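Enquirer: Provide a 3D model corresponding to the input given below.
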Amino acid sequence: MEYKEAVELEKRCFAQVFGRLPLLLTKGKGSYVYDDKGRRYYDMFAGIAVSSVGHAHPKVVKAISAQAGKLMHVSNWVYSEPQLVLAKKLTGLTGMERVFLTNDGTSAVEGAFKLARKVSGKPGIISMEHSFHGRTMGALSATWAEKYRKPFEPLVPGFKFARYDDLDSLQDAIDKDTGAVIVEPILGEGGVKVPLDGYLKGVRDITHDKGALMIVDEVQTGFGRTGVWFDYKRAGIEPDILVLAKGLGGGFPIGALMYSGMDFEKGQHGGTFNGSPLACTVANTVIDIIKKEKLVENSKKVGDAIKKELEGHSIHGRGLMLGLDVEDGPKTVLELIKRGVVTIHSQNTLRMLPALNIKRREALAAVKIIKEVL
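Expert: Just a heads-up that it's a prediction; the model follows:
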């Protein structure tokens with residue numbers, strides 16, 4: 001299939017919900033992707049922080065093939081070894097007590113809200129301005145941007161917003177009906193905004209004091225993206241509920257809802273495809289690769305090199321979750337595609353989220369092109 005054919009076929013047959021970049025990608029290898037003409041691009045956003053170990057990692061390919069040849073799916077009516085192995089790994093990495101596996105981050109967020117309301121007995125949930133938690137009705141109710149929310153109102157009642165990185169605003173927002181507060185350690189969709197040191201700890205202290213649960217959304221920041229395994233650990237806190245996805249599957253759909261000191265009762269939550277043997281095998285493999293290849297350390301090292309190379313420009317973020325403020329985000333992204341670099345933007349912030357195993361020389365070669373465009 002060629003690019004023009006793909007455009008026409010999408011217009012005719014596919015839901016018109018995506019604003020596409022002018023690319024038909026046909027394969028990837030490591031930190032590169034290739035279009036229908038065979039042209040190679042530096043992949044500097046990895047499917048929005050998803051392809052954590054790069055494209056077509058041989059260990060992931062082997063794991064998928066081997067597990068698909070044995071067992072792809074079973075119902076949660078029975079036990080599955082890859083699922084329980086993954087649960088043990090995730091609880092060990094995070095320090096959380098339990099995990100419920102989902103198919104994506106939005107589903108993990110939905111589960112977090114259900115659990116928070118069940119445990120707290122209170123309907124109120126506070127999210128942050130400029131946050132993004134998903135597009136299903138509950139997750140959407142906690143997502144800030146009006147362009148996502150407005151067409152689907154009225155949304156789920158009980159949600160309100162506090163200003164991000166503003167503890168006084170959160171103090172003012174919490175009331176007797178507040179059951180939980182959800183927060184991103186770094187705003188992703190909101191422009192890669194890093195809060196002041198002490199912000200997450202402040203949120204933890206306030207929620208403790210007010211008797212509200214703290215939900216940390218590490219869908220994008222988790223699994224080494226910011227140069228540590230999980231960004232809440234940098235802050236030295238323990239959330240009540242943690243949501244994960246994206247980098248966990250390295251490109252395969254899987255998410256996780258994690259929590260301590262609470263649980264659902266049987267039948268209160270579930271899902272047909274949640275925690276399949278195939279998805280869990282991939283996630284187990286991705287975690288092993290991140291550990292063995294020291295990709296958390298590489299994320300910090302290469303991220304620091306990118307920031308140093310872009311000194312003098314408005315560069316912000318941690319590890320390989322970086323934002324670069326530009327005059328015109330959409331125009332810059334299109335110009336970079338012409339020059340062989342694929343990125344995305346949030347308004348006028350260029351977002352750089354490459355694979356965690358990107359080599360320093362590859363990253364700096366892409367940054368050189370970005371500087372030329374600037």
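
Enquirer: ignoring the adjacent residues along the chain, who's closest to the most centrally placed residue in the chain?
Expert: By CA atoms, centre = their mean, the chain has its centre lying nearest to residue 220, at 2.2 Å. Distances taken as CB to CB, 6 or more residues apart in numbering put residue 188 closest to residue 220, at 4.3 Å, once the chain neighbours are dropped. For glycine as for every other residue, the C-beta is placed from the backbone atoms N, C-alpha and C.

Enquirer: tell me how far the residue nearest to residue 81 when sequence neighbours are not counted lies from residue 34.
Expert: Closest residue to residue 81 apart from its sequence neighbours, by CB to CB, 6+ apart: residue 277 at 7.7 Å. The spacing between residue 277 and residue 34, counted by CB to CB, to the nearest Å, is 31 Å.

Enquirer: check residue 346 too.
Expert: Applying CB to CB to residue 346 and residue 34 gives a distance of 26 Å.

Enquirer: okay, those two: which has more neighbours?
Expert: Between residue 346 and residue 34, counted using other CB atoms under 10 Å, residue 346 has the larger neighbour count: 19 against 16.

Enquirer: ok, what's across the strand from that one?
Expert: Beta bridges link residue 346 to residue 349, judged by DSSP bridges.

Enquirer: the stretch 251-374 of the chain: helices as residue ranges?
Expert: Taking DSSP state H, counting those that start in this stretch as the criterion, the stretch 251-374 of the chain carries its helices at 277-292, 295-309, 329-338, 360-373.

Enquirer: tell me which of the ones you listed sits nearest to residue 127.
Expert: Proximity to residue 127, assessed across the helices of the stretch 251-374 of the chain by CB to CB, is greatest for helix 329-338 (23.9 Å).

Enquirer: direction-wise, compare that closest one with helix 360-373 and give the angle.
Expert: 120 degrees (axes from the mean of the first three to the mean of the last three CA atoms, to 10 degrees).

Enquirer: what comes up buried for helix 329-338?
Expert: 329, 332-333, 335-337 (16 or more other CB atoms under 10 Å).

Enquirer: same question, stretch 174-190
Expert: Buried residues in stretch 174-190 (16+ other CB under 10 Å): 174, 178-190.

Enquirer: again, but for stretch 146-164
Expert: Buried-residue list, stretch 146-164, by 16+ other CB under 10 Å: 149, 158-159, 161-162, 164.

Enquirer: which of those sit farthest apart?
Expert: Using CB to CB, the pair of the buried residues of stretch 146-164 lying farthest apart is 158 and 164, separated by 19.8 Å.

Enquirer: pretty sure the residue nearest to residue 81 is touching residue 72, no?
Expert: Yes - with contact defined as CB atoms under 8 Å, residue 277 reaches residue 72; the gap is 6.5 Å.

Enquirer: so for those two, which sits in the more crowded spot?
Expert: More neighbours surround residue 277 than the other of residue 277 and residue 72, with 18 against 13 (other CB under 10 Å).

Enquirer: the residue nearest to residue 177 when sequence neighbours are not counted and residue 14: what is the separation?
Expert: Excluding the flanking residues, the one nearest residue 177 by CB to CB, 6+ apart is residue 124, at 4.0 Å. Residue 124 sits at a distance of 38 Å from residue 14 (criterion: CB to CB).

Enquirer: residues making contact with the lowest-mean-pLDDT helix or strand in the chain?
Expert: Least confident helix or strand of the chain, by mean pLDDT, DSSP states H and E, is helix 146-149 with a mean of 94. Helix 146-149 is contacted from outside by 135, 140-141, 143, 155, using CB atoms under 8 Å, 6 or more residues apart in numbering.

Enquirer: most neighbours out of these, which is it?
Expert: Neighbour max across the contacts of helix 146-149 (other CB under 10 Å) = residue 143, 24 neighbours.

Enquirer: might one say that that residue is in contact with residue 133?
Expert: Yes - Residue 143 is within contact range of residue 133, at 5.2 Å (criterion: CB under 8 Å).

Enquirer: between those two, what contacts are shared?
Expert: Joint contacts of residue 143 and residue 133 (CB under 8 Å, 6+ apart) are residue 127.

Enquirer: before we move on, back to that, in CSV, list the buried residues of stretch 174-190 along with distance to residue 357.
Expert: Formatted as CSV, those follow (distance: CB to CB, whole Å):
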residue, distance to residue 357
174, 41
178, 41
179, 40
180, 35
181, 34
182, 30
183, 29
184, 24
185, 22
186, 21
187, 25
188, 20
189, 24
190, 27
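
Enquirer: those residues in strands, which ones?
Expert: 178-183 (DSSP state E).

Enquirer: between those, which sits nearest residue 170?
Expert: For these, the nearest to residue 170 is residue 181 (6.8 Å; CB to CB).

Enquirer: which residue is the nearest non-sequential neighbour of that closest one?
Expert: residue 126 (4.7 Å).

Enquirer: residue 343: how many residues sit nearby?
Expert: 23.

Enquirer: and the angle from the stretch of helix or strand the residue nearest to residue 181 belongs to to strand 178-183?
Expert: Assigned by DSSP states H and E, residue 126 belongs to strand 124-128. Relative orientation of strand 124-128 and strand 178-183, computed by the same axes, to 10 degrees: 20 degrees.

Enquirer: on that earlier part again, between residue 124 and residue 14, tell me which one has more neighbours.
Expert: Shown here are residue 124 and residue 14; by other CB under 10 Å, residue 124 has more neighbours (21 against 11).

Enquirer: for the more buried one, give me its contacts.
Expert: If a contact means CB under 8 Å, 6+ apart, then residue 124 has 158-160, 175, 177-180 as its contacts.

Enquirer: which of the residues you listed sits closest to residue 20?
Expert: residue 159 (30.4 Å).
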